[in-house]
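J.: Dropping the sequence and predicted coords here.
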Amino acid sequence: MNPMEIMKNAQQLQSRMNEAQGRVKQLTAIGSAGGDMVRVAITGEFIVTNVEISPEAVDPDDLKMLEDLVLAAFSDAVYKVKEKVQQEMSSVTGGLNLPPELFGKG
């Protein structure tokens with residue numbers, strides 16, 4: 001491959017990466033715990049956008065349980081959004097397993 005072709009390919013990859021990063025910003029994932037008693041929504045940028053807690057999850061005598069449910073729902077949401085981000089970036093990189101730091105998220 002000649003240097004001009006390499007540069008052209010690099011520019012195309014950068015353009016596709018920028019497009020994918022824009023799509024990642026639009027991603028959302030909802031994590032849940034306790035049979036959906038607690039639900040947490042986050043974006044592809046790992047920003048929490050919503051927390052829902054059903055009244056059944058609130059026991060004033062057992063706040064530790066509610067804290068555990070919120071933590072579990074948040075962890076579930078993070079796991080789900082990471083999978084979505086990985087799928088999105090994999091479509092750009094042709095399945096190469098590149099480190100998340102390349103996409104601005106670690």
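T.: Okay, I see it.

J.: pLDDT of stretch 90-104, averaged?
T.: What stretch 90-104 shows for mean pLDDT is 64.

J.: got a pLDDT number for the residue nearest the centre of the chain?
T.: For the chain, the residue lying nearest the average C-alpha position, counting by CA atoms, centre = their mean, turns out to be Val81 (2.5 Å). The score at Val81 is 95. That number is its pLDDT.

J.: quick one, what contacts it?
T.: Val81 is in contact with Leu27, Thr28, Ala29, Ile42, Thr43, Gly44, Phe46, counting by CB atoms under 8 Å, 6 or more residues apart in numbering. In short, each C-beta sits where N, CA and C put it, glycine included.

J.: Between which two of these is the distance greatest?
T.: Greatest spatial distance among the contacts of Val81 (CB to CB): Thr28 and Phe46, at 11.1 Å.

J.: Strands of this protein, residue ranges please.
T.: 28-33, 38-43, 48-53 (DSSP state E).

J.: now the angle from the last one to strand 38-43?
T.: Meaning strand 48-53. Angle between the axes of strand 48-53 and strand 38-43 is 170 degrees (criterion: axes from the mean of the first three to the mean of the last three CA atoms, to 10 degrees).

J.: Under the pLDDT cut-off, which ranges of this protein? List them.
T.: Counting by pLDDT under 70, the ranges of the chain that qualify are 95-106.

J.: ok, longest helix in it?
T.: The helix spanning the most residues in the chain, taking DSSP state H as the definition, is helix 63-93.

J.: Just the buried positions in that one, please.
T.: Residues of helix 63-93 classed as buried by neighbour count (16 or more other CB atoms under 10 Å): 66, 69-70, 72-74, 76-78, 80-81, 85, 88-89, 92.

J.: next one: that helix to chain centre, how far?
T.: Distance of helix 63-93 from the chain centroid (CA atoms, centre = their mean, to the nearest Å) equals 6 Å.

J.: Also stretch 8-20?
T.: Going by CA atoms, centre = their mean, where stretch 8-20 is centred and where its chain is centred differ by 21 Å.
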